[in-house]
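Undergrad: with the input below, show me the fold.
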Amino acid sequence: MIEGWPKKIVEAQMIKTCSIGGKQYNRIRYGEETSDWGPSDKPCHDCGVVEGQFHVPGCDWEQCPSCKGQALSCDCDYDERK
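TA: This next block holds a predicted model:
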């Protein structure tokens with residue numbers, strides 16, 4: 001894990017919601033996605049969080065709470081894009 005990354009993981013746990021089109025949504029924790037990525041077996045392959053933690057903003061595995069697609073590349077109108 002690169003230097004400073006554990007701090008990013010800790011900081012990500014404080015970001016519990018996101019705003020999409022002016023509406024607040026609860027972020028989806030690793031392991032609560034609609035697809036089973038195997039969180040009980042391994043940390044997130046991109047950001048390194050473990051089951052039950054919020055992904056680090058910009059992680060390619062984070063699921064959009066609005067459309068359920070990939071948050072990083074979905075077409076939802078995030079008020080502040082990750």
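Undergrad: strands of the protein, start to end?
TA: Under the criterion DSSP state E, the chain carries strands at the ranges 17-20, 23-26.
Undergrad: now the last one: mean pLDDT?
TA: Across strand 23-26, pLDDT averages out at 97.
Undergrad: go through that strand and flag the buried ones.
TA: Neighbour-count burial for strand 23-26, counted by 16 or more other Cβ atoms under 10 Å, picks out no residue. For every residue, glycine as well, the C-beta is placed using N, CA and C.
Undergrad: need the residues that contact it.
TA: With Cβ atoms under 8 Å, 6 or more residues apart in numbering as the test, strand 23-26 has contacts from 16-19, 65-66.
Undergrad: could you redo the last one with a cut-off of 7 Å?
TA: 16-18, 65-66 (Cβ atoms under 7 Å, 6 or more residues apart in numbering).
Undergrad: so which of the residues you listed is the most crowded?
TA: The most crowded member of the contacts of strand 23-26, judged by other Cβ atoms under 10 Å, is residue 18 (23 neighbours).
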